[in-house]
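Predicted model and sequence follow; I will ask about them next.
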Amino acid sequence: MKGYLANGLFSMGDRYVNEQLAKAIREAVPEIDLYLPQENAAINDKTAYANSEIIAEADLSKLEKSDILIAVLDGVEIDSGVAAEIGAFSMLKRPIVGVFTDTRQQGRDNQKKIDALVEDALENQFVYRNLFLVGLVKRNGVITSTIEEAVEAVLEVKNRQL
């Protein structure tokens with residue numbers, strides 16, 4: 001089974017999340033060939049040079065060969081590279097596991113939060129994700145809220161392929 005882990009990779013926080021998520025997936029599914037772009041020094045050693053076409057070709061070739069996309073949906077906005085990877089991968093109609101850990105998902109049943117939102121849209125205590133991207137993920141997969149849930153979703157995909 002081949003997988004592709006998509007997330008931003010330029011901040012220490014993103015790189016740490018990527019490392020932890022990749023480690024958890026690799027431990028749970030040892031046979032997975034998991035591509036993590038930040039591990040590809042040929043295109044992501046920022047002291048070296050790779051132009052946009054080299055980067056696009058490297059990542060697209062890995063996406064095309066992947067059986068599953070694990071895409072982190074966190075951040076103020078979904079990372080633009082992740083959005084592009086979701087769009088490209090969704091055309092292959094293969095499973096996508098979204099990982100969305102934002103704590104503002106909590107309290108969705110809190111009536112005071114709902115009332116405040118209805119009364120004044122600027123009192124939005126919830127989080128928004130682009131609905132087109134959410135739809136692309138849900139069309140062929142699931143959105144999880146934790147690393148553990150993401151690992152379980154990857155295991156489910158692996159078990160369906162057996």
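In hand now; what should we look at? Numbering: from 1, shown residues only.

which helices and strands does the helix or strand of the chain with the lowest mean pLDDT pack with?
In the chain, no helix or strand scores lower on mean pLDDT, DSSP states H and E than helix 41-44, which sits at a mean of 78. Counting contacts by 3 or more C-beta pairs under 8 Å, 6 or more residues apart in numbering; DSSP states H and E, helix 41-44 packs against helix 52-65. C-betas here are computed from N, CA, C, even on glycine.

Distance from the chain centre to the next helix or strand after the helix it packs on, please.
The helix or strand immediately downstream of helix 52-65 is strand 68-72, counting by DSSP states H and E. In this view, strand 68-72 has its centroid 4 Å away from the chain centroid, taken as C-alpha atoms, centre = their mean, to the nearest Å.

Name the surrounding residues that touch strand 68-72.
Residues from elsewhere that reach strand 68-72 (C-beta atoms under 8 Å, 6 or more residues apart in numbering): 1-8, 14, 17-18, 21, 25, 63, 79, 82, 85-86, 89, 94-100, 137, 141, 150, 154, 157.

I only care about the residues you listed that end up buried; give me the PyMOL line for that.
The buried residues among the contacts of strand 68-72 can be selected in PyMOL (16 or more other C-beta atoms under 10 Å) with this line:
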select buried, resi 3+4+5+6+7+8+14+17+18+21+25+63+79+82+85+86+89+94+95+96+97+98+99+100+137+141+150+154+157
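
In helices, which of the contacts of strand 68-72 appear?
Among the contacts of strand 68-72, the ones falling in helices (DSSP state H) are 14, 17-18, 21, 25, 63, 82, 85-86, 89, 137, 150, 154, 157.

Let me have those in a markdown table, adding pLDDT and distance to residue 55 as columns.
Shown next, in a markdown table, are the ones in helices among the contacts of strand 68-72 (pLDDT from 0 to 100; distance: C-beta to C-beta, whole Å):
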| residue | pLDDT | distance to residue 55 |
| --- | --- | --- |
| 14 | 94 | 17 |
| 17 | 96 | 21 |
| 18 | 96 | 17 |
| 21 | 98 | 21 |
| 25 | 98 | 23 |
| 63 | 97 | 12 |
| 82 | 97 | 14 |
| 85 | 97 | 12 |
| 86 | 98 | 17 |
| 89 | 98 | 16 |
| 137 | 98 | 23 |
| 150 | 98 | 25 |
| 154 | 98 | 25 |
| 157 | 96 | 27 |
